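Chemist: Here is my input; please provide its structure:
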Amino acid sequence: QVHLVESGGGLVQAGGSLRLSCAASGRTFSGYAMGWFRQAPGKEREFVAAINRGGSATYYADSVKGRFTISRDNVKNTLSLQMNSLKPEDTTVYYCAARAAYYSGSYYTRPSDYEYWGQGTQVTVSS
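Modeler: A predicted model of the protein is given here:
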């Protein structure tokens with residue numbers, strides 16, 4: 001079992017930055033591939049970014065590529081999402097997710113790939 005808690009959401013003006021964090025507890029964090037997703041009311045959960053167990057491989061949705069950076073600290077058991085050049089369309093609830101990864105290079109982009117989810121943190125970007 002892995003328990004995930006997101007933080008760092010808030011209100012920011014368009015063009016601004018926010019840094020989301022996800023604190024993990026429970027099983028060995030370094031054994032899990034991690035991801036960030038977002039979901040607006042009435043819409044499906046959308047992939048944002050993914051990272052492998054060791055942090056050497058990352059993957060981004062086209063909508064955030066070049067603006068967002070996913071990273072992890074396997075000593076502090078934390079996952080981060082640095083969000084720059086924010087746009088009003090980035091407004092929604094952001095979730096971190098974890099799944100056990102047997103291959104060190106693997107990362108995952110589908111919500112159904114993940115076993116554990118945080119409770120979400122709201123990001124609001126004003127125009």
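Chemist: burial of Gly15, as a residue count?
Modeler: For Gly15, the neighbour count with other Cβ atoms under 10 Å is 11. Heads up, the C-betas are built off the backbone N, CA and C, glycines and all.
Chemist: Same check on Gly8?
Modeler: Neighbours around Gly8, by other Cβ under 10 Å: 16.
Chemist: which non-adjacent residue is nearest it?
Modeler: Leu20 (4.2 Å; Cβ to Cβ, 6 or more residues apart in numbering).
Chemist: so what's the one you found up against?
Modeler: With contact taken as Cβ atoms under 8 Å, 6 or more residues apart in numbering, Leu20 is in contact with Glu6, Ser7, Gly8, Gly9, Trp36, Ser80, Leu81, Met83, Tyr94, Cys96, Thr121, Val123.
Chemist: Trp36 too?
Modeler: 20, 22, 48-50, 68, 70, 79, 81, 94-97.
Chemist: Those residues into CSV, with extra columns for secondary structure, pLDDT and distance to Gly105?
Modeler: Listed next are the contacts of Trp36 as CSV, based on DSSP: H, G, I helix; E, B strand; the rest coil; pLDDT from 0 to 100; distance: Cβ to Cβ, whole Å:
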residue, secondary structure, pLDDT, distance to Gly105
Leu20, strand, 98, 24
Cys22, strand, 98, 21
Val48, strand, 98, 20
Ala49, strand, 98, 16
Ala50, strand, 98, 12
Phe68, strand, 98, 21
Ile70, strand, 98, 15
Leu79, strand, 98, 17
Leu81, strand, 98, 21
Tyr94, strand, 98, 25
Tyr95, strand, 98, 23
Cys96, strand, 98, 20
Ala97, strand, 98, 18
